[in-house]
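[1] 3D, please:
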Amino acid sequence: MLMKWDQIGERLYETGTKKGVCYKQESDGSYPKGEAWNGLTGVTESPSGAEVTALYANDAKYVNLMSSEDFGATITAYTYPDSFSECNGQKEIAPGVFAGQQKRAAFGMSYQTAIGNDVDQDDYGYKLHMIYGALASPSEKAYKSKNNSPEGIEFSWTISTTPVDVPGGNPTAHLELDSTKVDAKKLADLEKVLYGTDPELLSAQPDDWATNYKDYLTKEGNKYVAVSGVSAPDWAEKKYYTPGTDGRLPLPDEIAEIMKTA
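    Purely as a prediction, here's the structure:
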């Protein structure tokens with residue numbers, strides 16, 4: 001078939017940065033609990049390496065050698081999550097008192113960028129990005145007197161990364177999923193892992209109610225409260241809730257398992 005360019009619906013572009021989440025890395029390499037990154041203004045991805053070195057023999061080019069590729073980025077934001085303080089070289093030595101120049105914790109991150117086209121504009125789709133093994137370099141904070149053109153301080157961090165294993169491929173520090181190309185239900189399942197889930201009202205008594213009743217919740221006003229007592233209370237319909245889950249950053253092998261073709 002003859003190629004055609006710029007057809008209706010095929011004029012794609014990318015824009016925006018939203019739904020940022022920070023996941024502090026634990027000593028076992030996992031990222032068990034995320035925190036929403038409010039005030040995120042941008043993520044500039046800056047890969048480096050992958051440079052060619054030419055070897056010559058017999059007065060001619062013999063082969064090209066390719067160096068390893070590293071993933072780095074610059075994060076900009078008006079603020080950052082409490083969990084990022086330790087990643088930013090701060091330690092809370094008393095409630096609300098932070099000491100700087102401390103050991104910087106590694107972290108992971110996820111965020112979304114929009115995919116637009118000429119028909120649906122920015123609602124066409126999105127890309128889901130995940131970063132692993134990140135370390136943030138110190139950032140500059142420029143405090144200035146307020147004037148008649150007020151503006152918020154925008155923090156900026158340059159990050160370097162350490163790759164993690166990828167099933168069937170080379171280690172990487174960056175994964176990218178395209179919502180227009182993956183299964184929507186599987187993507188929704190992955191996002192439940194990334195962003196967490198709210199407690200859900202139980203319609204039937206759980207099998208472990210007698211022994212694990214304290215793992216479940218009741219709702220008092222707008223708050224969820226853990227079931228208490230020395231023994232399991234009598235079961236009642238439309239009263240008890242699942243505990244919900246914290247958002248976490250799964251490693252590439254788990255993501256591949258979630259998203260694999262049946």
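[2] excluding its backbone neighbours, what's nearest Thr53?
    Nearest-residue entry for Thr53: Leu65, 4.6 Å, with adjacent residues in sequence omitted and distances by CB to CB, 6 or more residues apart in numbering. The way it works is simple: take the backbone N, C-alpha and C, and place the C-beta from them, glycine included.
[3] my read: the one you found touches Val52, true?
    Yes: with contacts counted by CB atoms under 8 Å, Leu65 reaches Val52, the gap being 7.1 Å.
[4] any idea how far the residue nearest to Thr53 is from Asn170?
    16 Å (CB to CB, to the nearest Å).
[5] can you tell me the helix or strand for the residue nearest to Thr53?
    Using DSSP states H and E, Leu65 falls within strand 60-66.
[6] For that strand, which strands pair with it and how are they oriented?
    Neighbouring strands of strand 60-66 in its sheet, by DSSP bridges, are strand 52-57 (antiparallel).
[7] Just the C-alphas of the partner strand, formatted as PDB.
    The C-alpha trace of strand 52-57 is given here as PDB (Å, rounded to 0.1, in the frame of the first residue of the first chain):
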ATOM      1  CA  VAL A  52      29.600   4.800  19.200                       C
ATOM      2  CA  THR A  53      33.300   4.000  19.300                       C
ATOM      3  CA  ALA A  54      34.700   2.900  15.900                       C
ATOM      4  CA  LEU A  55      37.400   0.300  15.700                       C
ATOM      5  CA  TYR A  56      39.600   0.200  12.600                       C
ATOM      6  CA  ALA A  57      41.600  -2.700  11.000                       C
END
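[8] max-length helix in the chain?
    Using DSSP state H to define each element, the chain has its longest helix at helix 184-195.
[9] quick one: buried residues of that one?
    By 16 or more other CB atoms under 10 Å, the buried positions in helix 184-195 come out as Lys186, Leu187, Leu190, Glu191, Val193, Leu194, Tyr195.
[10] just checking, what packs against that helix?
    strand 13-24, strand 121-136, helix 252-259 (3 or more CB pairs under 8 Å, 6 or more residues apart in numbering; DSSP states H and E).
[11] among the ones you listed, which is nearest Thr79?
    Nearest of the helices and strands packed on helix 184-195 to Thr79, taken as CB to CB: strand 13-24 at 11.1 Å.
[12] Can you tell me what sits against the very next helix or strand once past the closest one?
    Downstream of strand 13-24, the next assigned helix or strand under DSSP H and E is strand 34-36. Outside strand 34-36, the residues that touch it by CB atoms under 8 Å, 6 or more residues apart in numbering are 20-23, 81-84, 110, 194-196, 246-249.
[13] Just the buried ones from those?
    Here, 16+ other CB under 10 Å leaves 20-23, 81, 83-84, 110, 194-196, 247-249 buried among the contacts of strand 34-36.
[14] Dump the residues you listed into a markdown table; add pLDDT and distance to Lys214 as well.
    Converted to a markdown table, the buried ones among the contacts of strand 34-36 look like this (pLDDT from 0 to 100; distance: CB to CB, whole Å):
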| residue | pLDDT | distance to Lys214 |
| --- | --- | --- |
| Gly20 | 97 | 34 |
| Val21 | 98 | 29 |
| Cys22 | 97 | 30 |
| Tyr23 | 98 | 27 |
| Pro81 | 94 | 29 |
| Ser83 | 93 | 26 |
| Phe84 | 95 | 32 |
| Ser110 | 97 | 31 |
| Leu194 | 97 | 27 |
| Tyr195 | 97 | 25 |
| Gly196 | 96 | 20 |
| Gly247 | 96 | 23 |
| Arg248 | 97 | 22 |
| Leu249 | 97 | 28 |
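[15] that older thread, mind checking how far the strand holding Leu65 is from the chain centre?
    Here strand 60-66 is found 39 Å from its chain centre; the criterion is CA atoms, centre = their mean, to the nearest Å.
[16] okay, that strand in PDB with CA atoms only?
    Taking C-alpha atoms only, strand 60-66 is exported to PDB below (Å, rounded to 0.1, in the frame of the first residue of the first chain):
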ATOM      1  CA  ALA A  60      39.200   0.500   7.200                       C
ATOM      2  CA  LYS A  61      36.400   0.600   9.800                       C
ATOM      3  CA  TYR A  62      36.200  -2.800  11.400                       C
ATOM      4  CA  VAL A  63      33.200  -2.500  13.800                       C
ATOM      5  CA  ASN A  64      31.200   0.000  15.800                       C
ATOM      6  CA  LEU A  65      31.100  -0.600  19.600                       C
ATOM      7  CA  MET A  66      28.100   0.900  21.500                       C
END
